[in-house]
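Asks: Give me the fold of what follows.
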Amino acid sequence: MAGRIPQYFIDQLLNRIDIVDLIDGYVPLKKAGANYKACCPFHGEKSPSFTVSPTKQFYHCFGCGVNGTAISFLMEYDHMEFREAIEKLASGAGMEIPEESQGFTPKQTVSEGIDLYQLMNQVNEFYQKQLRQHPEKQEAVDYLQKRGLSGETAKRFGMGFAPEGWDNLMSTLGVSASAQKALLDTGMLTQNEKKRTYDRFRHRIMFPIHDHRGRVVGFGGRVLEQAEPQPGNPKYLNSPETPIFHKGSELYGLFGARGGIKVADGVLVVEGYMDVVALAEAGIDNAVATLGTATTPMHLQRLFRHTPNITFSFDGDRAGRAAAWKALETSLPSLQDGFQVSFLFLPDGEDPDTMVKKVGKDGFEELIKKATPLPDFLIDSLTKQADINRLDGRAKLSNLAKPLLEKFPNGVLKKLVLERLSALTQVSPHDLLGIEPPVSQEPFTGNSSYGNSSYGNSGYGNSSFGTNNKGYGGGKGYDGNNFRKFNRAPQQSAREPYITPVRRAISLLLQYPKLHPEFEVLEAIPDEQVRGIGMLHELRRMCKENPTINTAALLERYRGQPFLDTLAKLANHHHHNLETLEEEEAINQIQGTASKIIAEFNSSQPERIFKELEDLQKRATLTKLSPDEEARKEVLASYIRASYK
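Replies: The predicted structure follows:
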């Protein structure tokens, strides 16, 4: 379980740092009016359309639509996870992250006073030194040359050599009991049933495994002396699960392939270390490999951080297609519109290593281009299992397809696959899914579940954006596993689009949170009576309880929510096509917008507010009102006064 970072700390952090200074360290910014501009670092352009607002602490590109906070920038640009971005910002600001455990046990990266990451770096240096200097190094060098690898490629991947013998590593780095314990914890030493301790890797070519931050966290070893696996001594051996290494979340070669993935605008997932290295030797630098496990959702999350295009390479035999089908099933929930997954099936007996030697770089890249798209692989595989010329065959196809269709996230791709299967089965899309036709919903419904004084994780279940998801909780902190990046939005036109008065009010509040008292008059309108008013009330109360909160901190409270992108667009909306408003003009805009909301509500329910105020006034003549009732009475009176302005 990931730990939670308290919301108050995120607010303080975003108030402490300056997004202009942060981004300027990556992309040179130039002053342009109230904001700063640059050519967008997320897409190629000649004229700058990437703007950074020092007042909002927010960036936005009018070319590709990417936007977000300082946290988002590090997650997008440096491909960091949420917690890593927080850690980097906090370190730069001289702040220490407080922990709220709630059952969370921090990852142990120190054993017996020894830093495990530093230790693994020393282990890596040891194996590399053996490849250069050990008396028996020639056997390893000959093997690498036989596989067609140059010394430059071996150096690039940090390859090494574990000599024959039981204690080469232990006698060098495990001279003390504490060092041996740390080496055991990293999986570099192992013990038999008699508790005898010895080197795990012996007589092998060593492949260091780096995590997404470039730290050595494990190793893979290819045995030298045998052609076939032997009992107890497999051809390929991986590090075991350790406090710093988890096979289900790491990919071999990903850290080094980041540049190649960006250039190719895609990543190739293969099954072995040698495939990755051989492809790199041939000039294909965007390959990664799983670590002896099937593809996991965490693998996909990491890869989709770098590119929207993933191609899996498998053998074309039955085992390869079975592995591909498993990867397909794992991929389905991640296939948001814009993401693409394809499958490259190689001829029997071939793997990427042998194939690239036969066809060369250009030929292999052509194979990647012709890889089978996931939707085609899915439909072709299903239709091979059912005879659609028979009624019962079409029923069988429908039955096979339903559980897979349910895994797709809602979107255009799901609709297109549904339509294709509907045409094949001659069954309507809704019947294929076994559901009633959906009732269309507006993005805002006006309901709000605000009411948790700590902004707890259950305190912002806000249906005013058409969702029943629980909201972003500050009191209980942010769950780093449940993150969603700010989306890339469609390009915004130069002409100011029309937005409703409530949305305009939300936009103004997001941009000028310190003016939240100007919105108090609208508290008289109940959450459920005007679409979106609940979200406005929720934001205003956040501002009231956190007087120094800025635009970025407000948006960060909704990270992980499906309506975050809507809020981000409103935070960047140009009122009257102006980047910023002077405070007096902003107040005029707020008051004018509030007047429109009041007028619209009064026209639909003219007596509601008056009757509620009259009832409270009558109660006041009979008994003393509670503090909440007194406050409500004042809000209602202010609303009525505003109605006559």
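
Asks: Name the helix or strand for residue 392, please.
Replies: helix 391-405 (DSSP states H and E).

Asks: neighbouring contacts of that helix?
Replies: 329, 332, 378, 382-383, 385-388, 414, 417-418, 421, 424-427, 431-434 (C-beta atoms under 8 Å, 6 or more residues apart in numbering). Using the backbone N, CA and C atoms, a C-beta is placed for each residue, glycine as well.

Asks: Which ones among the residues you listed lie within strands?
Replies: The members of the contacts of helix 391-405 all map outside strands under DSSP state E.

Asks: from those, which would you call buried?
Replies: 332, 378, 382-383, 386, 414, 417-418, 421, 424-425, 427, 432-433 (16 or more other C-beta atoms under 10 Å).

Asks: which one of those is nearest residue 516?
Replies: residue 414 (39.9 Å; C-beta to C-beta).

Asks: Let me know the pLDDT of the closest one.
Replies: Model confidence at residue 414, given as pLDDT, is 93.

Asks: so who does the closest residue to it other than its chain neighbours touch?
Replies: The shortest distance from residue 414 to any non-neighbouring residue, by C-beta to C-beta, 6 or more residues apart in numbering, is to residue 408 (3.9 Å). Contact analysis of residue 408 by C-beta under 8 Å, 6+ apart lists 332-333, 335, 414, 417.

Asks: Mind doing that once more with 7 Å?
Replies: 332, 335, 414, 417 (C-beta atoms under 7 Å, 6 or more residues apart in numbering).

Asks: now swap in residue 573 and tell me
Replies: 499, 507.

Asks: export the biggest helix by length in the chain as PDB, just CAs?
Replies: If you go by DSSP state H, the chain has its longest helix at helix 583-604. Provided in PDB are the C-alpha atoms of helix 583-604 (Å, rounded to 0.1, in the frame of the first residue of the first chain):
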ATOM      1  CA  GLU A 583      -8.500  42.900  -8.800                       C
ATOM      2  CA  GLU A 584     -11.200  45.500  -9.200                       C
ATOM      3  CA  GLU A 585     -12.200  44.100 -12.600                       C
ATOM      4  CA  ALA A 586     -12.200  40.600 -11.200                       C
ATOM      5  CA  ILE A 587     -14.500  41.700  -8.400                       C
ATOM      6  CA  ASN A 588     -16.800  43.300 -11.000                       C
ATOM      7  CA  GLN A 589     -16.800  40.100 -13.000                       C
ATOM      8  CA  ILE A 590     -17.700  38.000  -9.900                       C
ATOM      9  CA  GLN A 591     -20.500  40.300  -8.800                       C
ATOM     10  CA  GLY A 592     -21.900  40.500 -12.300                       C
ATOM     11  CA  THR A 593     -21.800  36.700 -12.600                       C
ATOM     12  CA  ALA A 594     -23.300  36.200  -9.200                       C
ATOM     13  CA  SER A 595     -26.200  38.600 -10.200                       C
ATOM     14  CA  LYS A 596     -26.900  36.400 -13.300                       C
ATOM     15  CA  ILE A 597     -26.900  33.200 -11.200                       C
ATOM     16  CA  ILE A 598     -29.300  34.900  -8.700                       C
ATOM     17  CA  ALA A 599     -31.600  36.200 -11.500                       C
ATOM     18  CA  GLU A 600     -31.800  32.700 -13.100                       C
ATOM     19  CA  PHE A 601     -32.500  31.000  -9.800                       C
ATOM     20  CA  ASN A 602     -35.200  33.500  -8.900                       C
ATOM     21  CA  SER A 603     -36.900  33.200 -12.200                       C
ATOM     22  CA  SER A 604     -37.200  29.400 -11.700                       C
END
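
Asks: which helices and strands does that helix pack with?
Replies: The contact analysis (3 or more C-beta pairs under 7 Å, 6 or more residues apart in numbering; DSSP states H and E) places helix 583-604 against helix 501-511, helix 627-643.

Asks: Looking at those, spot the one closest to residue 85.
Replies: It's helix 501-511; of the helices and strands packed on helix 583-604, that one is closest to residue 85 (C-beta to C-beta) at 21.3 Å.

Asks: can you list contacts of that closest one?
Replies: 56, 499, 516, 519, 530-533, 535-536, 539-540, 551, 554, 567, 570-571, 573, 586, 589-590, 593-594, 596-597, 600.

Asks: Using PDB, write down the CA coordinates of that helix.
Replies: The C-alpha coordinates for helix 501-511 follow below in PDB (Å, rounded to 0.1, in the frame of the first residue of the first chain):
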ATOM      1  CA  PRO A 501     -22.700  31.700 -15.300                       C
ATOM      2  CA  VAL A 502     -22.000  28.900 -12.700                       C
ATOM      3  CA  ARG A 503     -18.900  27.700 -14.700                       C
ATOM      4  CA  ARG A 504     -17.700  31.300 -15.100                       C
ATOM      5  CA  ALA A 505     -18.100  31.700 -11.300                       C
ATOM      6  CA  ILE A 506     -16.100  28.500 -10.700                       C
ATOM      7  CA  SER A 507     -13.400  29.700 -13.200                       C
ATOM      8  CA  LEU A 508     -13.100  33.100 -11.400                       C
ATOM      9  CA  LEU A 509     -12.900  31.500  -8.000                       C
ATOM     10  CA  LEU A 510     -10.200  29.100  -9.200                       C
ATOM     11  CA  GLN A 511      -8.200  32.000 -10.600                       C
END
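
Asks: Could you list the buried residues of the following helix or strand past it?
Replies: Note on helix 501-511: by DSSP H and E, the next helix or strand toward the C-terminus is helix 533-545. Neighbour-count burial for helix 533-545 flags 533-543 (criterion: 16+ other C-beta under 10 Å).

Asks: which residues are contacting stretch 140-151?
Replies: Residues outside stretch 140-151 that contact it (C-beta under 7 Å, 6+ apart): 131, 154, 161, 205, 224, 274, 277-278, 281, 357.
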